[in-house]
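Engineer: sequence plus the predicted model coming up.
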Amino acid sequence: MAIRPILLVSALTFVSVPAVLQAQQIQIQQMEVTGPDAPPFAMAPGRTLRTGTGRIRGRVLSESGAPVRRAQVRISGPDIAGRTATTDADGRYEFLDLPDGRFTVSASKAGYVTVQYGQTRPREQGKPIELADKQTLDKADLVMFRGSAITGRIVDEAGEPVADAVVTAMRSEWAAGHRRLVNAGRIGQTNDLGQFRIYGLPPGDYYVSATLHNPEGPMLDMMGQSAPLPPRTAAAASGYAPSYYPGTASSADAQKIAVAPGQEAQGIDFPLAQVRLARVSGVVLNSEGKPVEGTMVSLSSGQGDGLIGMNNSARTNREGAFTLSSVAPGDYDLQVRGMTIITSGGGDAMMFTARIGGGGGDAEFASQPISVNGEDLANLVVTTSKGATASGKVTFEGQRPPGDLRVTAAAADDGPSPLGSAGSAIAADGTFTLKGLSGPSRVMRIRGLPAGYALKTVEHNGIDVTDSGLEIKGADTITGIELVVSSRASEIAGAVTGADGAPIKEFTLVVFAEDADKWTLPATRWVTAARPDQDGRVRIKAMPAGPYYAIAVDYLPQGEWNNPETLERLKPSAQHFVLTDGEQKTLDLKIAGGA
């Protein structure tokens, strides 16, 4: 199994390194990232990189038509490693030696909104580029928009400036069937005057959060030195919760900030919400009841709208004991996973070794909810488990495709990603075994299927669990899972015309199930949107059979098709159709206007 270097940014994100670590060389060791919760940039097993003689070139321009020099242009595709080019003084870029295939090209530069090829508005979905064998595509130009900014000042309860607070701009979006606050992509940090500036934002509505990591943290424990924590004092027992403008600890009470194109929203000043902090302590035992040394214990808010950093992580000592310091009130998911830290003999180097995904099921892990109300929470006993095992068979309707196909089991809810669960290779006879699964449920998928193939159904004991997910309890052994893969994946193509009957190349095609209950399924297969390629062709592949609506609109913000309210609004003007198994459906649509 391939081992590739990536950067671990979960519990280590947004941390100001204490002086004790600043002089040290920190190395991140290569990590095996194979589970269904692996980040999207992790390369899939069996992926074959290809080259060719195709090329894509163009210019990066501002809205006024002036060249944007030294912009970073990135290209990605299923068969190539990501590449980056820098524009010259005329805004030109070029990518060579490309195979035929489907590509995404984007451009970024400080002060501008990051854009994709084909994007005509700041929050619009970009267009794919379909490149034929040996084709040269000229004039693949990208237009960049000047970004908006939010500036302000973070203070404490006495109005004094707060330095080194992490400030985040967040948007309210629909994800996994729920509306939630998600990071808009920019992070700021306050200076010694408490001032912050978040730039490069698309116009729209934002919520601003600020988090201050308290100095009482577990860094010495992380290094294996197990220094005792200082006694509790009144000052140490109070601190600041993740706070939202205009100065509340509750995201539900956050105030919306509207930002116009290119505008700088100034005066977004607010105090951090002062709360009583707590210590959470206990011991980690393995499935045999023995203390677990050197494992990572961390907290996750599970709400997607707060920042949980190093001050909410710790490493167990020889007795399996841990202490999480400076924990603000709230509901958390306490997670335990393996992490080994190796220091050099002189203590001048530190290496993190992590295994994400269970590594074949031998690693143990744990996840349990806790509630903190300002009082210390002590004597927790956390017992790790190897998780459940699930096995079954994959049946192919038609010839089995070549390549390394793997069965994965992703979290079926939108809570904290369960730990454990590496993907399983599919044997020659179609059988597979997944180890290290944690609950409450997992949606099973197949990774590595080439074009033309699609997962049709997942059944357990005769019950269809394709969308609902497989129920996971403790260390159960689950057998008799059947996955059916079709070699005749469906495809939806659309021809869109205007009121005058002329073809239109600028639109977004939205396809959604007739059954509204399917719109809010986690990781739903029943709602999607697509933009046309450079020639105005649009394709949507591998949607399940069933009745649908389709509509072409001239503009729809990225991700807004996941909003049930938007789909209800679009439905009366949409075209109804039925998609059968393996059908190649062509729709003739009239442009319906903006949403």
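Structural biologist: Cool, got the structure.

Engineer: ok now do residue 96, which residues does it touch?
Structural biologist: Contacts here follow CB atoms under 8 Å, 6 or more residues apart in numbering; on that basis residue 96 touches residue 55. (Each C-beta comes from the backbone N, C-alpha and C, glycine too.)

Engineer: ditto for the one 4 residues further on
Structural biologist: With contact set as CB under 8 Å, 6+ apart, residue 100 has these partners: 52, 54, 131, 132, 133, 134, 135.

Engineer: list just the nearest of those to residue 519.
Structural biologist: Proximity of the contacts of residue 100 to residue 519 was ranked by CB to CB; the top entry is residue 131 with 33.4 Å.

Engineer: got the residue ranges for the helices in the protein?
Structural biologist: For the chain, applying DSSP state H gives helices covering 19-22, 219-222, 564-570.

Engineer: comparing those helices by mean pLDDT, which bottoms out?
Structural biologist: Note on these: lowest mean pLDDT is at helix 19-22, with a mean of 33.

Engineer: the strands in the stretch 1-150 of the chain, which residues?
Structural biologist: Per DSSP state E, counting those that start in this stretch, the stretch 1-150 of the chain carries strands over the ranges 25-28, 32-33, 54-62, 72-77, 80-86, 92-98, 101-108, 115-116, 129-131, 136-137, 142-144, 148-155.

Engineer: again with the stretch 201-350 of the chain
Structural biologist: Under the criterion DSSP E, counting those that start in this stretch, the stretch 201-350 of the chain carries strands at the ranges 204-211, 238-241, 243-244, 257-259, 264-265, 270-271, 273-276, 278-285, 295-300, 313-315, 321-327, 330-343, 349-356.

Engineer: possible to save these as CSV with distance to residue 65, mean neighbour count and mean pLDDT?
Structural biologist: Formatted as CSV, these follow (distance: least, CB to CB, whole Å; neighbours: other CB atoms under 10 Å; pLDDT from 0 to 100):
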stretch, distance to residue 65, mean neighbour count, mean pLDDT
strand 204-211, 25, 21, 94
strand 238-241, 47, 21, 85
strand 243-244, 39, 27, 94
strand 257-259, 24, 16, 96
strand 264-265, 24, 16, 96
strand 270-271, 40, 20, 97
strand 273-276, 47, 17, 90
strand 278-285, 57, 20, 94
strand 295-300, 46, 24, 88
strand 313-315, 49, 24, 87
strand 321-327, 52, 22, 90
strand 330-343, 50, 19, 71
strand 349-356, 46, 18, 41
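
Engineer: nearest to residue 377, of those strands?
Structural biologist: Nearest to residue 377 among the strands of the stretch 201-350 of the chain is strand 278-285; the distance by CB to CB comes to 4.7 Å.

Engineer: next, the angle from the closest one to strand 321-327.
Structural biologist: If you take axes from the mean of the first three to the mean of the last three CA atoms, to 10 degrees, strand 278-285 sits at 160 degrees to strand 321-327.

Engineer: can I get strand 278-285 in CSV? Just the C-alpha atoms.
Structural biologist: Extracted C-alpha coordinates of strand 278-285, given in CSV (Å, rounded to 0.1, in the frame of the first residue of the first chain):
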residue,chain,number,x,y,z
ALA,A,278,-12.8,23.4,33.0
ARG,A,279,-10.3,20.6,33.0
VAL,A,280,-11.3,17.2,31.5
SER,A,281,-9.3,14.3,32.8
GLY,A,282,-9.4,10.6,32.9
VAL,A,283,-7.7,7.4,31.7
VAL,A,284,-7.7,5.5,28.4
LEU,A,285,-7.9,1.7,28.5
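
Engineer: what are the contacting residues of it?
Structural biologist: By CB under 8 Å, 6+ apart, the residues outside strand 278-285 that reach it are 229, 232, 237, 291-292, 295, 297, 299, 316, 319-327, 329, 334, 336, 366, 370, 372-384.

Engineer: what do you get for stretch 180-198?
Structural biologist: For stretch 180-198, contacts defined as CB under 8 Å, 6+ apart pick out 14, 114, 149-155, 160-173, 175, 199-201, 206-210, 251, 254, 303-305, 414.

Engineer: and with 6 Å instead?
Structural biologist: Residues from elsewhere that reach stretch 180-198, judged by CB atoms under 6 Å, 6 or more residues apart in numbering: 150-151, 153-155, 161-163, 165-173, 200, 207, 251, 304-305.

Engineer: give the buried residues for it.
Structural biologist: Buried positions in stretch 180-198, judged by neighbour count with 16 or more other CB atoms under 10 Å: 180, 181, 184, 186, 188, 189, 190, 194, 195, 196, 197, 198.

Engineer: got it, and stretch 145-157?
Structural biologist: For stretch 145-157, burial by neighbour count (16+ other CB under 10 Å) applies to 145, 146, 147, 148, 149, 150, 151, 152, 153, 154, 155.

Engineer: any idea how far it is from the chain center?
Structural biologist: Taking CA atoms, centre = their mean, to the nearest Å, one finds stretch 145-157 lying 24 Å from the centre of the chain it belongs to.

Engineer: kindly report the same for stretch 133-146.
Structural biologist: Worked out by CA atoms, centre = their mean, stretch 133-146 lies 27 Å from the chain centre.

Engineer: point out where the stretch 1-150 of the chain drops to low pLDDT.
Structural biologist: 1-47 (pLDDT under 70).

Engineer: tell me the spacing between residue 451 and residue 81.
Structural biologist: Relative to residue 81, residue 451 is positioned 19 Å away (CB to CB, to the nearest Å).

Engineer: so which of these two has more stuff around it?
Structural biologist: Taking neighbours as other CB atoms under 10 Å, residue 451 and residue 81 compare with residue 451 leading, 13 against 10.

Engineer: skipping its backbone neighbours, what lies nearest the more buried one in space?
Structural biologist: Using CB to CB, 6 or more residues apart in numbering and skipping the chain neighbours, the partner closest in space to residue 451 is residue 541 (7.2 Å).

Engineer: likewise residue 78?
Structural biologist: Among residues not flanking residue 78 along the chain, residue 101 sits closest, at 6.6 Å (CB to CB, 6+ apart).

Engineer: from residue 130, how far off is the one you found?
Structural biologist: Using CB to CB, residue 101 is found at 8 Å from residue 130.

Engineer: could you report the neighbour count for the residue nearest to residue 78?
Structural biologist: Around residue 101 sit 19 other residues, with neighbours defined as other CB under 10 Å.

Engineer: on that earlier part again, determine which two of the buried residues of stretch 145-157 are furthest apart.
Structural biologist: 145 and 155 (32.3 Å).

Engineer: for the residue of the chain most remote from its centre, phi and psi?
Structural biologist: Most distant residue from the mean C-alpha position of the chain: residue 500, 41.6 Å away (CA atoms, centre = their mean). With angles defined as degrees, to the nearest 10, residue 500 sits at phi -90, psi 0.

Engineer: quick check: it vs residue 152, distance?
Structural biologist: 49 Å.

Engineer: report the distance from stretch 431-440 to the chain centre.
Structural biologist: Per CA atoms, centre = their mean, the centroid offset for stretch 431-440 relative to its chain is 22 Å.

Engineer: may I see the buried residues of that stretch?
Structural biologist: Of all the residues in stretch 431-440, those buried under the rule 16+ other CB under 10 Å are 432, 433, 434, 435, 436, 437, 438, 439.

Engineer: list the buried residues for stretch 372-383?
Structural biologist: By neighbour count on 16+ other CB under 10 Å, the buried set for stretch 372-383 is 372, 377, 380, 382, 383.
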